[in-house]
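>>> kindly return the folded structure for what I paste below:
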Amino acid sequence: MLATDLARKIVEFQIERGWQTERWCQVGAGPADSSIFDDENGNCIARDLSRPVSIGGVEYEGARFAPADKKPGSRHQGWQQLRKYLSNVEPKAGIGREEPGLFVWSTCSHWLRTVPTLPRDEKDMDDVDTVQRTAVSATEVKGILHSSSGKPTMTPESRDALLYAIAKARAWIDDLMQGRVASLAEMAKREGKVEDHVRFLARLAFVSPGVVAAIIHGSAPAELNVTTLAKAVAHRWIEQQRGA
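Down below sits the predicted model:
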């Protein structure tokens with residue numbers, strides 16, 4: 001989709017909801033990756049997005065964005081803003097909503113798939129573990145699909161424990177996507193567990209079908225357990241299975 005087409009859809013969305021007219025727009029400039037502001041041979045995505053949009057013969061202001069803040073420590077501020085916007089969604093008694101809020105719908109599948117299960121940095125709980133997000137490699141899951149010849153395979157008890165944990169994690173994520181719970185914190189309270197424990201195990205919802213099949217058929221290594229699998233799960237299935 002061209003930037004100008006995307007801008008048109010954004011403006012149409014805002015007009016439909018009464019957030020924009022030909023005279024004003026109450027939607028501020030949202031953050032965007034700084035790369036869209038790069039000017040290459042006279043082409044700039046941000047500039048194209050901001051061009052006036054003509055709808056029904058009426059000209060409207062285009063979509064405005066501001067460069068995302070990527071300086072050191074910016075993720076800490078980002079987490080605070082995220083918490084603030086999520087908390088603002090709940091209307092205050094007798095007042096309603098007065099501040100901007102972040103609304104996540106069940107159709108935001110990628111947001112629900114990744115954000116609630118982002119691993120925390122063990123040395124700084126207000127930051128994400130960027131090493132685990134980017135460097136969980138095939139070497140960490142190598143051998144999950146097929147145990148090396150001659151090595152014992154897992155017991156039926158271990159297999160059942162793994163499959164139960166995977167099914168439980170999938171049910172948690174489904175509850176999030178369907179709006180039955182608002183957050184993993186609420187999920188943890190419902191389950192009687194600490195939030196970090198639920199957040200850690202929730203990533204098992206994204207174990208690849210190939211790994212699940214190996215567990216079902218008993219060909220996974222005997223030492224594989226819920227903790228080691230949760231630590232090894234990459235966010236892309238191909239990374240989980242590349243080493244097999």
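>>> in its sheet, what does the longest strand along the chain sit against?
Secondary structure of the chain per DSSP state E: the longest strand is strand 124-128. Here strand 124-128 is paired, per DSSP bridges, with strand 120-121 (antiparallel).
>>> could I get the average pLDDT for the longest strand of the chain?
Averaging pLDDT along strand 124-128 gives 74.
>>> what sits up against it?
Strand 124-128 is contacted by residues 75-76, 79, 118-121 when judged by Cβ atoms under 8 Å, 6 or more residues apart in numbering. For the C-beta atoms, the positions are set from N, CA and C on the backbone; glycine is no exception.
>>> same thing but at 10 Å, please
Defining contact as Cβ atoms under 10 Å, 6 or more residues apart in numbering, one finds that strand 124-128 is touched by 73, 75-80, 115, 118-121, 196.
>>> buried residues in stretch 7-15, which are they?
Buried residues in stretch 7-15, counting neighbours by 16 or more other Cβ atoms under 10 Å, are found at 7-8, 10-11, 14-15.
>>> stretch 20-36 now?
Of all the residues in stretch 20-36, those buried under the rule 16+ other Cβ under 10 Å are 20, 25, 32, 36.
>>> what is the longest helix seen in the chain packed up against?
Counting residues, the longest helix found in the chain (DSSP state H) is helix 156-177. Other elements packing on helix 156-177 under the criterion 3 or more Cβ pairs under 10 Å, 6 or more residues apart in numbering; DSSP states H and E are helix 109-114, helix 184-191, helix 195-202, helix 209-217, helix 226-232.
>>> of all these, which one comes closest to residue 155?
Ranking the helices and strands packed on helix 156-177 by proximity to residue 155 (Cβ to Cβ) places helix 209-217 first, at 11.7 Å.
>>> tell me which other helices or strands the closest one touches.
Looks like helix 209-217 contacts helix 156-177, helix 226-232, helix 237-241 (3+ Cβ pairs under 10 Å, 6+ apart).
>>> tell me how many other residues crowd residue 83.
11 (other Cβ atoms under 10 Å).
>>> next one: residue 17
The burial count for residue 17: 10, using other Cβ under 10 Å.
>>> what do you get for residue 214?
The local packing of residue 214 (other Cβ under 10 Å) involves 24 other residues.
>>> how near is it to residue 25?
Computed as Cβ to Cβ, to the nearest Å, the residue 214 to residue 25 distance reads 53 Å.
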